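> sharing a model that was predicted from the sequence below.
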Amino acid sequence: MTTPVAPRVRFNALVPDEADRAGIDAAIHRVVDRGWFVLGPEVEAFEAEFAAATQAPHAVGVGTGTDAITLALRALDLGPGDEVITTPLSAAYTALAVMMAGARPVFADLDPARLTLDPAAIEAAITPRTRAILPVHLYGQPADMPRIAAIAERHGLAIVEDAAQAHLATCGGQPVGSWGIATAYSFYPTKNLGALGDGGAVTTRDATLAARIARLRNGGQTTRYQHAEPGANSRLDEMQAAILRARLPHLAAATARRRAIAARYRAALAGASLTVPPECDAGHVYHLFPVLTPHRDRFQAHMTAAGIETLIHYPVPIPRQPALAATSPAPCPIADRITAEVVSLPMYPGLTDTEVAAVGAAAAGFAG
Ligand SMILES: *Cc1c(COP(=O)(O)O)cnc(C)c1O
């Protein structure tokens, strides 16, 4: 029997490094010393700072990225009987959030190059019940927002952007979050801006919508013990907000590092047997770096043998999840093929140049 060896290049590193830790320690102590743990000054300050960083007029901190989507849809008065067109390739939470709002997710297939919603497929999926489009800026690459916005405009539909993987991304030079009426972010620890636990936010240009989401996250309360509507209990807590405030000033540099790693991978993989999805927009923030191969099992074994960890995002198209069966999802053949072939290389700002070179060389050396 062989003992499994720890990979030399990990997929991600979630233990804070020394510089990060100093900021986190200070943030935690500040919150503990203050003794104010929910909906206090840290959340308020983070909301202002995150809104500024994403160039959005308003941000509302919530419990998770999933809740950010659900509460945005609820604040737009979507619910039972309403349809929301979304992508088959994402974290399943995107579609589950639609169901949590009481609405029905309807799947349109992918643009096979961009791996985000195909605008033509969106248009074909519109019915009299369609109320909103929920594009996902998957892997950090913005969806084709100019074309999606034109469709929404033509059909009178709301856009809610899922930017859980796309903090600071831009589309055609315009920030993600500036296309939709509301945009959902996640601060799950692995995300480009991560907390040390769960967290999320909704950004919007609409002050009334922001106030409604702030009410919905807090039980629907208008004033203490007065519940005007049946809200959720989904608040970003003070500790996570303080930690996110410590990390936010470093996000732009971390994003630049992700882009530099991606450029090195692209150079190393030129001419390799793998398919590397193209960068369709220079505003891509590389939450992940996926490649495609019809020989995925063999590729992952090859990388494991080289000491390199890989993961699959995502192995099952959302319409094929048993949890979605009750919504009678339409099949999405392009998503079926992508989920069978996609595999992610290690991608996080702390990767050293040596590690990046090792990953590139090992992946390039795979004989498809
Ligand atoms: C992580 C993620 C979510 C869910 O966010 P949570 O904070 O885990 O609830 C939704 N959509 C996408 C695209 C994600 O990556």
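Sure, I can see it.

> count of residues packed around the residue nearest to residue 132 when sequence neighbours are not counted?
Using CB to CB, 6 or more residues apart in numbering and skipping the chain neighbours, the partner closest in space to residue 132 is residue 158 (4.2 Å). All C-beta atoms are positioned from the backbone trio N, CA, C, and that covers glycine. Look at residue 158: counted by other CB atoms under 10 Å, it has 19 neighbours.

> in contact with residue 158, which residues?
Shown in contact with residue 158 (CB atoms under 8 Å, 6 or more residues apart in numbering): 76, 78, 131, 132, 133, 152, 180, 181, 182.

> the stretch 51-200 of the chain: helices as residue ranges?
Here the stretch 51-200 of the chain has its helices, by DSSP state H, counting those that start in this stretch, at 65-75, 93-100, 119-125, 145-155.

> those: which one's closest to residue 261?
Among those, the nearest to residue 261 by CB to CB is helix 65-75 (23.4 Å).

> the closest one near the ligand anywhere?
Yes. Using CB under 6 Å from any ligand atom, helix 65-75 reaches the ligand at 65, 66.

> same for that helix, what does it pack against?
If you count contacts as 3 or more CB pairs under 8 Å, 6 or more residues apart in numbering; DSSP states H and E, helix 65-75 packs onto helix 93-100, strand 158-162, strand 182-186, strand 200-204, helix 207-216.

> mind putting these into JSON lines with distance to the ligand and mean pLDDT?
Below are those laid out as JSON lines (distance: least, CB to the nearest ligand atom, whole Å; pLDDT from 0 to 100):
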{"stretch": "helix 93-100", "distance to the ligand": "4", "mean pLDDT": "98"}
{"stretch": "strand 158-162", "distance to the ligand": "5", "mean pLDDT": "99"}
{"stretch": "strand 182-186", "distance to the ligand": "3", "mean pLDDT": "99"}
{"stretch": "strand 200-204", "distance to the ligand": "5", "mean pLDDT": "99"}
{"stretch": "helix 207-216", "distance to the ligand": "15", "mean pLDDT": "98"}
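
> could you dump those to CSV with distance to residue 69?
What follows is those, written out as CSV (distance: least, CB to CB, whole Å):
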stretch, distance to residue 69
helix 93-100, 4
strand 158-162, 6
strand 182-186, 4
strand 200-204, 8
helix 207-216, 11
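
> name the nearest residue to whichever residue of the stretch 51-200 of the chain sits closest to the ligand, ignoring sequence neighbours.
Closest to the ligand within the stretch 51-200 of the chain is residue 65: 2.6 Å, counting by CB to the nearest ligand atom. Nearest residue to residue 65, sequence neighbours excluded (CB to CB, 6+ apart): residue 186, at 2.5 Å.

> for the one you found, give me its contacts.
Counting by CB under 8 Å, 6+ apart, the residues that residue 186 touches are 64, 65, 66, 68, 164, 165, 199, 200.

> give me the beta-bridge partners of the last one?
Using DSSP bridges, the beta-bridge partners of residue 200 come out as residue 62, residue 186.

> so it touches residue 63, yeah?
Yes. Residue 200 lies in contact with residue 63 (CB atoms under 8 Å); the separation is 6.3 Å.

> who has more neighbours out of those two?
Just comparing residue 200 and residue 63: by other CB under 10 Å the higher neighbour count belongs to residue 200, 28 against 20.

> show me what whichever strand or helix holds residue 357 is packed against.
Assigned by DSSP states H and E, residue 357 belongs to helix 353-364. Packing partners of helix 353-364 (3+ CB pairs under 8 Å, 6+ apart): helix 251-269, helix 296-305.

> ok, which of those helices comes nearest the ligand?
Closest approach to the ligand among the helices and strands packed on helix 353-364 is made by helix 251-269 (15.0 Å; CB to the nearest ligand atom).

> give me the contacts around that closest one.
Against helix 251-269 from outside (CB under 8 Å, 6+ apart): 53, 140, 167-168, 192-193, 276, 279, 284-287, 289, 291, 345, 347-349, 351, 353, 356-357, 359-361, 363-364.

> what residues does the protein put near the ligand?
64-66, 90-91, 93-94, 136, 162, 164-165, 186, 188, 198, 200.

> residues in contact with residue 320?
Shown in contact with residue 320 (CB under 8 Å, 6+ apart): 329, 336.

> check the gap between it and the ligand for me.
Computed with CB to the nearest ligand atom, to the nearest Å, the distance linking residue 320 and the ligand is 17 Å.

> got a pLDDT number for that residue?
We have a pLDDT of 98 for residue 320.

> ditto for the one 10 residues further on
According to the per-residue confidence, residue 330 scores 93 in pLDDT.

> that one reaches residue 125, doesn't it?
Yes. Assessed by CB under 8 Å, residue 330 is found in contact with residue 125 at 7.4 Å.

> give me the common contacts of the two.
Common contacts of residue 330 and residue 125 (CB under 8 Å, 6+ apart): 106, 107.

> between the two, tell me which one has more neighbours.
Higher neighbour count among residue 330 and residue 125: residue 125, with 19 against 14, using other CB under 10 Å.

> how many neighbours does whichever residue of the stretch 201-350 of the chain sits closest to the ligand have?
Closest to the ligand within the stretch 201-350 of the chain is residue 287: 7.4 Å, counting by CB to the nearest ligand atom. Neighbour count of residue 287, defined by other CB under 10 Å: 24.

> can you pull the contacts of it?
By CB under 8 Å, 6+ apart, the neighbours of residue 287 are 139, 140, 165, 166, 191, 192, 258, 347.

> read off the pLDDT value for the closest residue to residue 51 other than its chain neighbours.
Counting by CB to CB, 6+ apart, residue 59 is the residue found nearest to residue 51 once chain neighbours are left out, at 4.0 Å. Predicted confidence (pLDDT) for residue 59: 99.
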